[in-house]
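In: Sequence unavailable; structure follows:
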Ligand SMILES: [Mn+2]
């Protein structure tokens, strides 16, 4: 019997959005509701797709002392799912362990919360048949260092089996190492699907037999959490095969981009480049709003333009004008000037110092009889390039010489830093 379920995690309901420099009252209101609205979209998806159940793999709330507002909203969303006959299975994570404060609320009947001792087993039944067997465990306390995968029973046979777990699998260095375990620990349990939480960027560690999935958070929370965010719609077919579909649920999207000023010589072209970037980001975020941080980089004439008192502020203002009223807004929160003055390479090359010698060597290589061959010879002599020898061999001569130009610019930037 085929069935569908929705897998989400790391809702961080009522999370304060940190790191924004300029927030209008409209934007503040939108952000204050974003985590709730994103979870509502997860529930909407479950209803539209007639999902049999919903899995929430930890970090429902942002802090152990969860707000009453967050608890009420979570309950109301689960109640809406329950009204459509959709059961919810919830595990708690390091941000919202069972030991945290909890309001005295009655959860809808179709909600099951996993305990914190052993992995509990729950059956999902339909018409006298067992559709799936779920195993799950919650974090009992904060900063749990135990391997929770060890607390799952070994499962050899039976109906489609799912594990719900909030854990750092494989020692992801971008996240706290709570409930650490390895992919091998998970494989040893013998389940068909691992519904994980903790890592905020979606990641399919294994596609099938078993599928091991981090859905990421339904709403990005800060500048490190860029791009589309959402949950997974999982279809299990008659043969027990897993089919994953990602669905974006984010209400506002975070982006960080760079603009190189090398070719930009006037205020017009500079503003145009920034507006073009803003429109690209709008297309990448549609139909929702976006937050954007821009860093101006590179060497060129525009460096002097950027340095003029008040220019960066005025450019930022120009980019923000008219955005606040749009539903598909791109709010440029920050414009950072990291540009450098242009360098007259030909003149600098004549200096008798390390940077002069560096530029001379690059120029000699480029004007020699067969620059590409000479460059290949140099790369082959350097042990550091051995690991990419194959990739270098595959490059055309033209591409290799473009890399030489890039390397010269980069070397120039690094060496001139001291000056
Ligand atoms: Mn989290």
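Out: That came in fine, so what should we check first? The model shown is predicted, which means the values in this text are computed figures rather than measured ones. Residues are numbered from 1 along each chain as shown.

In: quick one, what contacts the most centrally placed residue in the chain?
Out: Nearest to the mean C-alpha position of the chain, counting by Cα atoms, centre = their mean, stands residue 201 at 3.7 Å. Residues near residue 201 by Cβ atoms under 8 Å, 6 or more residues apart in numbering: 174, 214, 216, 225. All C-beta spots, glycine's among them, are computed from the backbone N, C-alpha and C.

In: Strands of the stretch 101-250 of the chain, start to end?
Out: Along the stretch 101-250 of the chain, counting by DSSP state E, counting those that start in this stretch, strands occupy 111-113, 120-126, 129-136, 160-166, 193-197, 203-206, 211-214, 230-236, 242-248.

In: what residues are up against the residue in the stretch 51-200 of the chain that the ion sits nearest to?
Out: Residue nearest to the ion within the stretch 51-200 of the chain: residue 59 (3.5 Å; Cβ to the ion). Counting by Cβ under 8 Å, 6+ apart, residue 59 makes contact with 9-12, 92-96, 166, 197-198.

In: and for the lengthiest helix in the chain, what are the contacting residues?
Out: In the chain, taking DSSP state H as the definition, the longest helix is helix 25-48. Applying Cβ under 8 Å, 6+ apart, the contact partners of helix 25-48 are 5-6, 8, 11-15, 17, 20, 23, 51, 54, 62, 70, 73-74, 77-78, 80-81, 84, 86, 218-219, 221, 229-231, 233, 247, 249-252, 289, 324-325, 329, 331.

In: And stretch 182-194, by the same measure?
Out: Contacts of stretch 182-194 (Cβ under 8 Å, 6+ apart): 135, 147, 149-150, 152-156, 160-163, 165, 169-170, 205-206, 209-213, 234, 236, 240, 242.

In: for stretch 245-263, how far is the first residue from the last?
Out: Stretch 245-263 has an end-to-end distance of 41 Å (Cα to Cα, to the nearest Å).

In: hmm, back to that, can you pull the phi/psi pair for the residue nearest to the centre of the chain?
Out: Backbone torsions of residue 201, given as degrees, to the nearest 10, read phi -100, psi 130.

In: quick one: it and the ion, what's the gap?
Out: 11 Å (Cβ to the ion, to the nearest Å).

In: Check the gap between that residue and residue 128 for me.
Out: Distance of residue 201 to residue 128, computed by Cβ to Cβ, to the nearest Å: 41 Å.

In: what does residue 51 give?
Out: For residue 51 relative to residue 128 (Cβ to Cβ), the value is 21 Å.

In: Who has more neighbours out of those two?
Out: The neighbour comparison of residue 51 against residue 128 (other Cβ atoms under 10 Å) goes to residue 51, with 25 against 5.

In: That one against residue 5, yeah?
Out: Yes: Residue 51 lies in contact with residue 5 (Cβ atoms under 8 Å); the separation is 5.3 Å.

In: Contacts only, for residue 300.
Out: Contacts for residue 300 (Cβ under 8 Å, 6+ apart) come out as 261-265, 339, 342.

In: From these, keep the buried residues only.
Out: Buried subset of those (neighbour count, 16 or more other Cβ atoms under 10 Å): 261, 264, 339.

In: okay, the closest residue to the first one other than its chain neighbours: pLDDT?
Out: Spatial nearest neighbour of residue 261, chain neighbours left out: residue 302 (4.0 Å); criterion: Cβ to Cβ, 6 or more residues apart in numbering. Confidence per residue is given as pLDDT, and for residue 302 that number is 89.

In: Who are the contact partners of residue 302?
Out: Residue 302 sits next to 261, 264-265, 269-270, 296, 339 when contact means Cβ under 8 Å, 6+ apart.

In: ok, 7 Å please
Out: Taking Cβ atoms under 7 Å, 6 or more residues apart in numbering, we find residue 302 in contact with 261, 264-265, 270, 339.

In: The residue in the stretch 251-400 of the chain that the ion sits nearest to sits in which helix or strand?
Out: The minimum distance from the stretch 251-400 of the chain to the ion, using Cβ to the ion, falls at residue 254 (15.7 Å). Secondary structure from DSSP states H and E places residue 254 in strand 252-260.

In: Give me the packing partners of that strand, helices and strands only.
Out: Secondary-structure packing of strand 252-260 (3 or more Cβ pairs under 7 Å, 6 or more residues apart in numbering; DSSP states H and E): helix 25-48, helix 267-285, strand 289-297.

In: what are the pairing partners of that strand, and which direction each?
Out: Sheet pairing here is set by DSSP bridges, and for strand 252-260 it gives strand 289-297 (parallel).

In: next structured bit after the strand it pairs with?
Out: Downstream of strand 289-297, the first helix or strand assigned by DSSP H and E is helix 302-307.

In: The following helix or strand past that next one to strand 289-297, inter-axis angle?
Out: Note on helix 302-307: by DSSP H and E, the next helix or strand toward the C-terminus is helix 311-320. Angle, helix 311-320 to strand 289-297, by axes from the mean of the first three to the mean of the last three Cα atoms, to 10 degrees: 150 degrees.

In: Which parts of the helix or strand just after helix 311-320 count as buried, going by neighbours?
Out: Sequence order places strand 330-337 as the next helix or strand after helix 311-320, per DSSP H and E. Using 16+ other Cβ under 10 Å as the test for burial, strand 330-337 gives 330-335, 337.

In: In CSV, list those along with pLDDT.
Out: CSV is the format used below for the buried residues of strand 330-337 (pLDDT from 0 to 100):
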residue, pLDDT
330, 97
331, 96
332, 96
333, 95
334, 95
335, 96
337, 93
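
In: could I get the residues you listed as TSV with distance to the ion?
Out: Shown next, in TSV, are these (distance: Cβ to the ion, whole Å):
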residue	distance to the ion
330	26
331	25
332	27
333	23
334	25
335	30
337	34
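
In: can you count the residues close to the nearest residue to residue 226 once chain neighbours are set aside?
Out: Here the nearest residue to residue 226 in space, its sequence neighbours aside, is residue 254; by Cβ to Cβ, 6+ apart that works out to 5.0 Å. Neighbour count of residue 254, defined by other Cβ under 10 Å: 24.

In: which residues touch the residue in the stretch 201-350 of the chain that the ion sits nearest to?
Out: Taking Cβ to the ion, the ion has its nearest neighbour within the stretch 201-350 of the chain at residue 217, 6.7 Å off. With contacts defined as Cβ under 7 Å, 6+ apart, residue 217 is in contact with 10-12, 200, 225, 229.

In: Can you list the buried residues in stretch 298-310?
Out: Neighbour-count burial for stretch 298-310, counted by 16+ other Cβ under 10 Å, picks out 298-303, 305-306.
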